[in-house]
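> Requesting a structural model of the entry that follows:
(2 chains)
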2 protein chains.
Amino acid sequence: MKALIIAGGRGSRLKDFTGNEPKPLARLLGLSLIERVILTAKEAGITEFVIVTGYLSEKIKTKLGDGEKYSVKINYTENKEWEKGNGISVLKGKGLTDEKFVLLMSDHIFESDALKRLLKAKLPGNECILVVDRTPKKHIDLSDATKVKIENNKITDIGKKIKDYNGIDCGMFLCGQSLFGALRESIKNGDETLSGGIRILSKKGKMKPFDIKENFWIDIDTKEDFREAEKILCKNLTKLTDGPVSKFLNRPLSIRISKLLAKTKLTPNSISFSSFILCLLSSYFFSLGSYIYIAIGGLLSQSASVIDGCDGEVARLKFQQTEYGAWFDAVLDRYADALIILGMTYGYWKLHGNTAIWIIGFIALAGSFMNSYTATKYDSIFKKRKKKPKIRIGRDVRLFLIMTGALLNQIFFTLIILGVITNAEAIRRLFVLRKA
Amino acid sequence: MKALIIAGGRGSRLKDFTGNEPKPLARLLGLSLIERVILTAKEAGITEFVIVTGYLSEKIKTKLGDGEKYSVKINYTENKEWEKGNGISVLKGKGLTDEKFVLLMSDHIFESDALKRLLKAKLPGNECILVVDRTPKKHIDLSDATKVKIENNKITDIGKKIKDYNGIDCGMFLCGQSLFGALRESIKNGDETLSGGIRILSKKGKMKPFDIKENFWIDIDTKEDFREAEKILCKNLTKLTDGPVSKFLNRPLSIRISKLLAKTKLTPNSISFSSFILCLLSSYFFSLGSYIYIAIGGLLSQSASVIDGCDGEVARLKFQQTEYGAWFDAVLDRYADALIILGMTYGYWKLHGNTAIWIIGFIALAGSFMNSYTATKYDSIFKKRKKKPKIRIGRDVRLFLIMTGALLNQIFFTLIILGVITNAEAIRRLFVLRKA
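Got it, this is the predicted structure:
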């Protein structure tokens, strides 16, 4: 299915913020608004787009091109009357879309899950579906929102100023060709807005609502909306399988860092590599053996643990997730873990000459690996059940233990504890997975 | 879709072999023939069965029950005239199957892939499809086989004695209800065989062939057929991703052992555990340090490597493959690898007091783990491409290296070589997968 994206408006309320750029090219966490809309729709399975440009049309075309760099196909049509109502822009899409199509706004950011669900909805002939928010989250500016009245699973009224409403227009539609007729009728009646066309379909009983439920969406009109969107997109980066250290320490820090990194050109893989280099340094400091170096080693390993969250976060924020990237990160992490434990063991042995540390180091290394080796299977249970695991001993816990032990100058005991905890956890998982 | 299985015959040619059991209960590699047919069909997605019994009907019902132990549903119908032609047995299935059904013989063993493909074939109303072998493999006894003549993608003649044929009847059908009418007509004409009914459909142009192509199938009538089936089922156990040592040494040995183990009640998981115990012993002997013990350790680790193939083989032979079993085996293998390397390192250090061996052991352990950690992703490329990997350094190679090094009393160099090869392989895979 194709998506028609309306990107003709100027966004005058953002004039100071966007400068000489059209609003759809305003950047949110390293991507322009319209890129976000395209890439979100692509995540939901849409690969062909028709974009209606207007204000600074050429700039948008130059930026997006034919879509090849996003692995999608983009066609354009221009609405020279972009200063009039947005219904005219939508009408420009007639003939460029198929029987059914998705209609999106270039300044409405949403979660791909919402669109995925919408695409599965059944669209009876001649009807249209509007995604609505029946329990608007508190970041929605109700005074400026387009409201809808829903009765018996039909939209019966729509408008910015209606008093009696029970839903908010999220700016996402699944449309049939009947929309174009309704728009023409509305324009003839003097209302050039998209809402005008929708109102006509509503009166005919041909407009159905689709609840966005818990999925995130936001209409970006002001600087505050940008900040709000950044905040929520970042908040959504926490993972169900985050361990305790990750949840309370690493993730809050890494999200702050990712918010900055997303605005740079750093790739997720180069962030993974930076985290690996920190571990290499940590290993080196540990291998020197004396307290001050050990303490530095511990702090470096904990920093690496924080940065290790950023690669995935930036990838998700910028739609740069790849299977290879996740795997590359995992392989580097395993080598980093081995290096740190080797550094700790060697440093302790050099200073104290106690050979038992080598056996302990071996056991800690094996346990650490087994922790990671069993993680994918273990996590998959909880993803399936959509539950948080009660116990989740992973890399976040291991590196936090190492930092704490290093600061306390207790390498010997740290390696013992690490060996016991990680191996016990691996064996526990054997039983948990057997039951599942 | 339901499957109708014909299991009424006596199989007189196998009298000496089956003794007091009906032929469908004759055991092939630890499972009775009819269990194999049911479990193969289940692998292809069929979960409901109607079985037509005859000779020693009660014994079959007692053995299979309602199918719960195989996680399928089994219903029975009895053909008291089982000594007559098998067409009468098929006719007993009328009313117990749906509009379309699969028809199978209890003494025809086949690969589930063949049935999977057949289930995807389109069956136009009133027609039936017969799976045929157009290029019979050499184990097929042509003198006794039912032959078919295929012209213009229709079967035009069928029979054991037809001279002009270009395919062999594999005993698997995708049928519509028209089969029953044809059988009745054939019986009225005095031919009570299934082939009689098929011949009537053929004359009406309602019989289509479906090529089994490279998939394995065999009609089991004699003791020689049993032996042949065992041989081929075992031969099919080799894997596309088998490494060089596995291919030329371990697999030929493990298949011979699995052939025996399949006939016992040993579960795949208990075989995995036995292999782990061998590794534990190997580690202990290595840790003693002196040559004779090291040599024993090396031989034990290589035996473990062979037995490590048997768990999966027995599981595949007896349809006991589980996701947990494969994972349990992998986790035990990782611990076993760690124990063997620890034993080697400790034993060498005890005897020679050279601490450098600990660092080398660490690197070998990390590399060994990384080899396994990266294997799933690496192998997945080749499975997708249906190609053998040119280079495949895995556990088979590692344990073979360890045995060779142990027999040569070269623990120090073995660990160095192991460390270099495994880590180089892990890094090589990073690049191979990046390209893919």
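
> Please make it C-alpha for all contacts and neighbour counts, starting now.
OK.

> Could I get the phi/psi values of A:Lys208?
When quoted as degrees, to the nearest 10, the phi and psi of A:Lys208 stand at phi -110, psi 150.

> Contacts only, for it.
A:127-130, A:153-155 (Cα atoms under 8 Å, 6 or more residues apart in numbering or on different chains).

> Quick one, grab the pLDDT at it.
You'll see A:Lys208 listed with a pLDDT of 95.

> State the distance from it to A:Lys149.
Here the criterion is Cα to Cα, to the nearest Å. By it, A:Lys208 lies 11 Å from A:Lys149.

> what touches both of these two?
When contacts are counted by Cα under 8 Å, 6+ apart, A:Lys208 and A:Lys149 have A:Ile155 as shared neighbours.

> Quick check: residues of chain A near chain B?
Counting by Cα under 8 Å from any Cα of the partner chain, the residues of chain A close to chain B are A:324, A:328, A:331, A:334-335, A:338, A:342, A:358-359, A:362, A:366, A:369-370, A:373-374, A:430, A:433-434.

> Now, of those residues, which are buried?
Neighbour-count burial (16 or more other Cα atoms under 10 Å in any protein chain shown) is assigned, among the residues of chain A next to chain B, to A:324, A:328, A:331, A:334-335, A:338, A:342, A:358-359, A:362, A:366, A:369-370, A:373-374, A:430, A:433.

> end to end, how far does stretch A:143-161 reach?
With Cα to Cα as the measure, stretch A:143-161 spans 9 Å from end to end.

> and that stretch, what's its mean pLDDT?
For stretch A:143-161, the mean per-residue pLDDT is 92.

> which phi and psi does A:Lys122 have?
Dihedral pair for A:Lys122: phi -90, psi 130, per degrees, to the nearest 10.

> Any idea how many residues pack against it?
For A:Lys122, the neighbour count with other Cα atoms under 10 Å in any protein chain shown is 9.

> Determine which residue of chain A is most distant from the centre point.
Residue farthest from the centre of chain A, counting by Cα atoms, centre = their mean, is A:Gly353 at 49.7 Å.

> who touches that one in this structure?
Counting by Cα under 8 Å, 6+ apart, A:Gly353 touches no other residue.

> need the strands for the stretch 1-150 of chain A, in chain order.
Secondary structure of the stretch 1-150 of chain A (DSSP state E, counting those that start in this stretch): strands at A:2-7, A:27-28, A:31-32, A:48-53, A:73-78, A:101-105, A:108-110, A:128-133, A:147-151.

> Pipe those strands into JSON lines and attach mean neighbour count per row.
Converted to JSON lines, the strands of the stretch 1-150 of chain A look like this (neighbours: other Cα atoms under 10 Å in any protein chain shown):
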{"stretch": "strand A:2-7", "mean neighbour count": "26"}
{"stretch": "strand A:27-28", "mean neighbour count": "19"}
{"stretch": "strand A:31-32", "mean neighbour count": "18"}
{"stretch": "strand A:48-53", "mean neighbour count": "24"}
{"stretch": "strand A:73-78", "mean neighbour count": "18"}
{"stretch": "strand A:101-105", "mean neighbour count": "22"}
{"stretch": "strand A:108-110", "mean neighbour count": "22"}
{"stretch": "strand A:128-133", "mean neighbour count": "24"}
{"stretch": "strand A:147-151", "mean neighbour count": "22"}
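
> got a markdown table for those strands, with distance to A:Pro252 too?
What follows is the strands of the stretch 1-150 of chain A, written out as a markdown table (distance: least, Cα to Cα, whole Å):
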| stretch | distance to A:Pro252 |
| --- | --- |
| strand A:2-7 | 35 |
| strand A:27-28 | 20 |
| strand A:31-32 | 22 |
| strand A:48-53 | 36 |
| strand A:73-78 | 37 |
| strand A:101-105 | 31 |
| strand A:108-110 | 23 |
| strand A:128-133 | 29 |
| strand A:147-151 | 35 |
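
> and A:Asp242, which of the ones you listed is closest to it?
strand A:108-110 (23.8 Å; Cα to Cα).

> what mean pLDDT does the longest strand along chain A have?
Taking DSSP state E as the criterion, chain A has its longest strand at strand A:167-175. Average pLDDT, strand A:167-175: 95.

> mind giving me the domain split of chain A?
Chain A resolves into domains spanning A:2-222, A:237-435 when parsed by automatic domain parsing.

> Point me to the residue of the stretch 151-300 of chain A nearest chain B.
Closest to chain B within the stretch 151-300 of chain A is A:Asn269: 11.6 Å, counting by Cα to the nearest Cα.

> State the pLDDT value of that residue.
pLDDT recorded at A:Asn269 is 95.

> does it really touch A:Asp329, like I thought?
Yes - counting by Cα atoms under 8 Å, A:Asn269 touches A:Asp329, with 7.2 Å between them.

> Pull out the buried positions in the helix or strand of chain A with the lowest mean pLDDT.
When the helices and strands of chain A are scored by mean pLDDT, DSSP states H and E, helix A:15-18 comes last with a mean of 76. Across helix A:15-18, burial judged by 16+ other Cα under 10 Å covers A:Thr18.

> again, but for stretch A:263-273
For stretch A:263-273, a neighbour-count test (16+ other Cα under 10 Å) marks A:267-269, A:271-273 as buried.

> helices or strands next to the longest helix along chain A in the packing?
The residue-count maximum for a helix in chain A (DSSP state H) belongs to helix A:323-352. Helices and strands touching helix A:323-352, by 3 or more Cα pairs under 8 Å, 6 or more residues apart in numbering or on different chains; DSSP states H and E, are helix A:268-288, helix A:356-373, helix A:411-435, helix B:356-373, helix B:411-435.

> Turn those into a markdown table, columns for distance to A:Ile60.
Below are the helices and strands packed on helix A:323-352 laid out as a markdown table (distance: least, Cα to Cα, whole Å):
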| stretch | distance to A:Ile60 |
| --- | --- |
| helix A:268-288 | 26 |
| helix A:356-373 | 45 |
| helix A:411-435 | 51 |
| helix B:356-373 | 45 |
| helix B:411-435 | 33 |
